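**Q** Quick one: sequence and predicted model below, then my questions.
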Amino acid sequence: MLNGKRILLIVTGGIAAYKTPELVRQLIKAGATVRCVLTRGGAQFVTPLALASVSGDQVYSDLFSLTDEHEMGHINLSREADVVLVAPATANTLAKMAHGLADNLSTTVLLATDKPVLAVPAMNVRMWEHAATKSNIAMLRARGVTMIGPDEGEMACGEWGEGRMAEPEDIVLALSSFFGSTAPLGGYSAIVTSGPTHEPIDPVRYIANRSSGKQGHAIAQALKELGARVTLISGPVDLPDPQGVKVIHVQSARDMATAVEGALPADIAVCAAAVADWRVDNQAPQKLKKGIDGMPSLSMVENPDILAALSRPGERRPQLVVGFAAETENVLEHARAKLAKKGCDWICANDVSPSTGTFGGDQNTVQLVTRTSVEDWPSQSKFHVAKQLATRIAAHLGAQKFAHKPGEAS
């Protein structure tokens, strides 16, 4: 899967470092060559000899070793690989990466490299959820660093939550997907809508909703990581653009509908945006003034129905159209009705009542509603919802591909 790929593996000081010899073994089995950089902290959990034995190469750890600097300097280390993989990536190392510190061999290599960097975070759940870590992750993603994981599960400290290092086989699959060798959605194109829309009342005021765009942006990233060519059409959000995704920024529902139409044809469409159902028909050309214009009377008209338009039969209809039903009551009943009315293939139903914290929050609880079934997914981070949905899409399209040969009627 990774034939001929040269991977520089940086092992930092987290307890998950014990997984790295197995990771190296699986990478080599997949056809890669692996060279390891081991930090002083990492050496507390795995020995240089163990990594050297499985990699078949010297392990580098000292920035100031004259022999190493003569034979394999940090510049060469940073440039001779096809990709730099940081696993585990501790909160400390991620912070140094985000702020450009270079106080040891690993961080110096990371600052000097001109190659893609992938990081596999691993830390306690409270460290992962800390505002400083979130800020550092957002900064690194905005610069193009790809994150693999973390997973949710039991920690070495006995706590449960998000922060576990991804398993070696998942890291190998992510790298394979990154290089496009076995990407499940390789060759597929996807449109994802995300965030709210702003419907102007006058040049200053607008009608909107509480959508943050976190779920839609995570879905775009997850589809891209499975190999799809993704166009993300985003309403106004305070989020960085996902790396490697084509992003079109829009304001209103009509802007979004035009952008979606322009992005067709596509194989997959996921409508995660919370598009305003109505807009003001009598938008004021100037700011309405209290005491002069009096209480405004707003005349409302319906906005374009993007999900229904995508779902209509025709040559440009995507193979799979997925909508979202953000509800505050009778969630499943309303989702089923929306599925029938819009004509889409799946609906992701979620409760956005204020008590859930879904709008603007990091967690989501989704029921995947199809024409024949309802799947209850666990409450989990929006990142993991996106990952589960992308995997489900890949499995569905893969099954379709094998069921219907090209040229056959489906």
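**A** Perfect, thanks for sending it. The structure displayed is predicted, hence computed values, not measured ones.
**Q** CA only for contacts and neighbour counts going forward, please
**A** Will do.
**Q** need the helix or strand of the chain with the lowest average pLDDT.
**A** For the chain, counting by mean pLDDT, DSSP states H and E, helix 66-71 ranks last in confidence among helices and strands (a mean of 52).
**Q** what is the rounded mean pLDDT of the next helix or strand after that one?
**A** Once the chain leaves helix 66-71, the next helix or strand it forms, by DSSP states H and E, is helix 74-79. Helix 74-79 shows a mean pLDDT of 74.
**Q** buried set for helix 74-79?
**A** Neighbour-count burial for helix 74-79, with 16 or more other C-alpha atoms under 10 Å as criterion, is recorded at 74, 75, 77, 78, 79.
**Q** who does that helix touch, helix- and strand-wise?
**A** helix 105-112 (3 or more C-alpha pairs under 8 Å, 6 or more residues apart in numbering; DSSP states H and E).
**Q** send the alpha carbons of the helix it packs on over as PDB?
**A** Extracted in PDB, the C-alpha atoms of helix 105-112 (Å, rounded to 0.1, in the frame of the first residue of the first chain):
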ATOM      1  CA  LEU A 105      16.100  17.400  17.200                       C
ATOM      2  CA  SER A 106      12.400  16.600  16.600                       C
ATOM      3  CA  THR A 107      11.100  20.200  16.700                       C
ATOM      4  CA  THR A 108      14.100  21.400  14.600                       C
ATOM      5  CA  VAL A 109      13.300  18.800  12.000                       C
ATOM      6  CA  LEU A 110       9.700  19.900  12.000                       C
ATOM      7  CA  LEU A 111      10.600  23.500  11.600                       C
ATOM      8  CA  ALA A 112      13.000  22.800   8.800                       C
END
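**Q** right, and the helix or strand after it?
**A** strand 117-121.
**Q** Figure out how far that next one is from the centre of its chain.
**A** Mean-position distance between strand 117-121 and its chain equals 13 Å (C-alpha atoms, centre = their mean, to the nearest Å).
**Q** quick one: that strand to helix 105-112, angle?
**A** Put simply, strand 117-121 runs at 140 degrees to helix 105-112, going by axes from the mean of the first three to the mean of the last three C-alpha atoms, to 10 degrees.
**Q** so what's the residue nearest to residue 249 when sequence neighbours are not counted up against?
**A** In this structure, residue 249 finds its nearest non-sequential neighbour in residue 234, 5.1 Å apart by C-alpha to C-alpha, 6 or more residues apart in numbering. By C-alpha atoms under 8 Å, 6 or more residues apart in numbering, residue 234 lies in contact with 193, 194, 195, 196, 213, 247, 248, 249, 250, 256, 273.
**Q** In TSV, list the residues you listed along with neighbour count, pLDDT and distance to residue 151.
**A** Formatted as TSV, the contacts of residue 234 follow (neighbours: other C-alpha atoms under 10 Å; pLDDT from 0 to 100; distance: C-alpha to C-alpha, whole Å):
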residue	neighbour count	pLDDT	distance to residue 151
193	32	98	25
194	29	97	24
195	28	96	25
196	26	96	28
213	24	95	22
247	19	96	27
248	16	97	30
249	16	97	30
250	20	98	33
256	24	98	33
273	29	97	26
